[in-house]
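Novice: What follows is a predicted protein model with its sequence.
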Amino acid sequence: METMKYALLTGVGSFLGGASRYLVSVIAQYALRTGYPVSTFLVNAVGSLLIGIVLAFWERNSLTDTGRIFLATGILGGFTTFSSFSQEVLIMIRNGQLTIGIIYVVSSVVVGIALCAAGYYLAK
């Protein structure tokens, strides 16, 4: 039953985060009069800042597991998956796994871009 509760919290949070990402992107594009990369960068940067705050509150027991899952996995995961990636790397570094963290960063970026290109060219 706990799993279903967390799944529902993640789903509701993801909806809120995804809708917020869209609205922030539209507002940023309108206000800054620029296109896609700037709004995406802004969303990713803000999401990373916020997930760091959530992680700190959770580590000092100011936030329950339920709250962290709703905020980090749900809202911020829906807002941007980059924030979840940033949290994972930070946890690796804090746990003394610097080499694994670097490998994870580099491989995620390279594989992500390569698969994006592969999908694009396969669909074209």
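Specialist: All right, it came through fine.
Novice: in this protein, what spans have low per-residue confidence?
Specialist: Scanning the chain for pLDDT under 70 picks out 35-36.
Novice: Which parts of it are strands?
Specialist: Here the chain has no strands by DSSP state E.
Novice: all helices of it, in order?
Specialist: Under the criterion DSSP state H, the chain contains helices at 2-32, 36-59, 65-68, 77-79, 81-94, 98-123.
Novice: Please work out which of these is packed deepest.
Specialist: helix 77-79 (a mean of 23; mean count of other CB atoms under 10 Å). C-betas here are computed from N, CA, C, even on glycine.
Novice: Provide the contact partners of that helix at residue level.
Specialist: Under the contact criterion CB atoms under 8 Å, 6 or more residues apart in numbering, helix 77-79 has outside partners 10, 13-21, 43, 46-47, 50, 83-84.
Novice: what's the farthest-apart pair in those?
Specialist: Spanning the widest gap among the contacts of helix 77-79 are 10 and 46, at 19.8 Å by CB to CB.
Novice: from what I can see residue 105 touches residue 92, true?
Specialist: No: with contact defined as CB atoms under 8 Å, residue 105 does not count as touching residue 92 (9.3 Å).
Novice: Now for those two: what residues contact both?
Specialist: With CB under 8 Å, 6+ apart as the test, residue 105 and residue 92 reach no residue in common.
Novice: can you tell me how far the closest residue to residue 51 other than its chain neighbours sits from residue 64?
Specialist: Once flanking residues are discounted, residue 51 sits nearest to residue 83: 4.0 Å by CB to CB, 6 or more residues apart in numbering. Using CB to CB, to the nearest Å, residue 83 is found at 19 Å from residue 64.
Novice: next one: residue 103
Specialist: 32 Å.
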